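In: Predicted model follows, preceded by the sequence.
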Amino acid sequence: MSQDCIFCKIINGDIPADVLYQDDDVLAFNDISPQAPTHILVIPKNHISGPEALGESDETLVGKLVRVGTDLAKERGLTDGYRLVMNNGERAGQTVFHLHMHVLGGRTMTWPPG
Ligand code: 5GP
Ligand code: ZN
């Protein structure tokens, strides 16, 4: 738990969120400002500031984030493609410094991202 972290507050139930899945390790909820018809965030329940803060012991956890994200995408019928995104650092667009994976789908995506 990090005192000023908005995602830790969601994990603790101090801030409400539209939770789609949770277990001991991860929480998945709808993004408050969706950038696609489906926009889910999948986060670890322990505070990790972002991708570059991951250590060797987190490798299983990261795999689980991806698996939970793909399961949720399948549940939502995103059979024709979706995007998994992790922003690392301010210049990449990271605004919340608690590791999270975006699951975006339900519309055609462009490449390269902006
Ligand atoms: P980032 O820009 O760091 O990759 O992604 C952070 C995401 O968190 C953004 O898409 C933003 O809309 C979302 N977000 C920020 N605050 C909240 C919140 O309080 N609740 C929810 N559900 N999403 C949030
Ligand atoms: Zn946190």
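Out: Perfect, I can see it now. Ligands and ions are numbered 1, 2, ... in the order given.
In: neighbours around residue 84, how many?
Out: 16 (other CB atoms under 10 Å). The way it works is simple: take the backbone N, C-alpha and C, and place the C-beta from them, glycine included.
In: all helices of this structure, in order?
Out: Assigned by DSSP state H, the chain shows helices spanning 6-12, 59-75.
In: Please compute how far the longest one lies from its chain's middle.
Out: Centroid displacement of helix 59-75 relative to its chain, using CA atoms, centre = their mean, to the nearest Å, is 10 Å.
In: Could I get the average pLDDT for it?
Out: Averaged over helix 59-75, pLDDT sits at 98.
In: before we move on, what about stretch 9-29?
Out: On average, the pLDDT along stretch 9-29 is 98.
In: how far does that stretch sit from the chain's center?
Out: For stretch 9-29, the separation from the chain centroid amounts to 11 Å (computed by CA atoms, centre = their mean).
In: any idea how far residue 7 is from residue 113?
Out: 22 Å (CB to CB, to the nearest Å).
In: who has more neighbours, these two?
Out: residue 7 (22 against 11).
In: If you tally nearby residues, what's the number for the closest residue to the more buried one other than its chain neighbours?
Out: Leaving aside its sequence neighbours, residue 7 sits nearest to residue 98 (CB to CB, 6 or more residues apart in numbering; 3.8 Å). By the criterion of other CB under 10 Å, residue 98 has 22 neighbours.
In: surely residue 98 meets residue 47?
Out: Yes: the criterion here is CB atoms under 8 Å, and residue 98 meets it with residue 47 at 5.8 Å.
In: Touching both of these two, which residues are there?
Out: Common neighbours of residue 98 and residue 47 are listed as 2, 5, 7-8 (criterion: CB atoms under 8 Å, 6 or more residues apart in numbering).
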